[in-house]
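J.: coordinates only, sequence not included:
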Ligand code: ADP
Ligand code: MG
């Protein structure tokens, strides 16, 4: 018998008010996360990755309407009170943001900020919380953690601030950590150090990690399963090895072809996917990728393709799979990781 997953997202839909009227931002997401799992969520900027994270944290903007189910440890979180969210957030579900400066308070020393969730959720006194904050900062390998407890965020480098964010997120031993592009602002060496740290922490604690990235190499190396997102839909999902072996969805193929590679200059994308991610309100009917897809036919615009089984636990939403699959280059996962 399979255990109940830690997190089960069912038909999660989010509608946002935009300047041009209401628009569907998340169009019915289904996925699960088990304890100890690292799942990669990948897609170009504007695909809906951060909104997915914010929905799981109960932090959607006021103008958003969410529907469906987010079942966490047996309990549906959608529709719960703000008090209930506050009890959960930072305690059982925690998040690391892309830019730590937006999440850290510039006016408070970092030791106090790491101690805050311990005081709030665990009722620790000042002295114990400070000692625990130091232990956490040592765990995330912040150099000279004891002395840095009284430092302010602006006195730290970007990499050090990201370590502080991770220490804060870990403070209460969350069951689920959401890392939203945690290394995008860092150079390649620091990026690797932080990702290795997160992988160690998953091994040590058994928590689940939702690792959000726009970088296929990161997902190839660190996630056991992956979700490929475009236009608020999960267009392909499956074990990372399977997805890279088949590259079923034309969008995943496009991401693979457009990945930055060594020797081509940083940030220089020779084969960028033609066209760009449309505004939500301009998404085509049917398959969201149909207006950029080289395989699209009229039927692609008629209705949203259902998820089609490609292999074990591996699905792609594409009605052209019989034509597309022989073209999937059977990509080399290690190749994607060498960025
Ligand atoms: P990603 O994290 O994948 O880059 P986001 O989840 O941030 O993408 O955004 C998905 C889409 O939702 C984008 O088109 C973005 O412009 C839109 N969006 C995000 N937040 C808001 C908001 N508060 N109001 C209106 N549109 C938003
Ligand atoms: Mg984002």
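T.: Noted; the coordinates are in hand. As the structure is a prediction and not an experimental result, all values here were calculated from the model. Ligands and ions are numbered 1, 2, ... in the order given.
J.: need the contact list for the nearest residue to residue 191 once chain neighbours are set aside.
T.: Spatially, and ignoring its direct neighbours in sequence, residue 191 is nearest to residue 183 (3.9 Å; C-beta to C-beta, 6 or more residues apart in numbering). Glycine gets a C-beta too; all of them are placed from N, C-alpha and C. Contact analysis of residue 183 by C-beta atoms under 8 Å, 6 or more residues apart in numbering lists 162, 190-191, 194-195, 218.
J.: between the residues you listed, which is nearest ligand 2?
T.: residue 218 (14.0 Å; C-beta to the ion).
J.: thought residue 40 was touching the closest one, still the case?
T.: Yes: the criterion here is C-beta atoms under 8 Å, and residue 218 meets it with residue 40 at 7.2 Å.
J.: got any residues that touch both of these two?
T.: Taking C-beta under 8 Å, 6+ apart as the criterion, residue 218 and residue 40 both touch residue 211.
J.: before we move on, back to that, wasn't the residue nearest to residue 191 part of a strand?
T.: No: counting by DSSP: H, G, I helix; E, B strand; the rest coil, residue 183 falls outside a strand, being coil.
J.: pLDDT at it, what is it?
T.: In this model, residue 183 is scored at 87, pLDDT.
J.: next one: it from ligand 1, what distance?
T.: 15 Å (C-beta to the nearest ligand atom, to the nearest Å).
J.: and this protein, which of its residues are near ligand 2?
T.: Contact residues, the chain versus ligand 2 (C-beta under 5 Å from the ion): 49-50.
J.: tell me how far the longest helix along the chain is from the chain's mean position?
T.: Ranked by residue count under DSSP state H, the longest helix found in the chain is helix 188-205. Averaged C-alpha coordinates place helix 188-205 at 15 Å from its chain's average position (C-alpha atoms, centre = their mean, to the nearest Å).
J.: swap in stretch 219-237?
T.: On C-alpha atoms, centre = their mean, the centre of stretch 219-237 falls 9 Å from that of its chain.
J.: center of the chain, which residue is that?
T.: Nearest to the mean C-alpha position of the chain, by C-alpha atoms, centre = their mean, lies residue 212 at 2.3 Å.
J.: by neighbour count, which of the contacts of residue 183 wins?
T.: Comparing the contacts of residue 183 by number of neighbours (other C-beta atoms under 10 Å), residue 162 comes first, having 28 neighbours.
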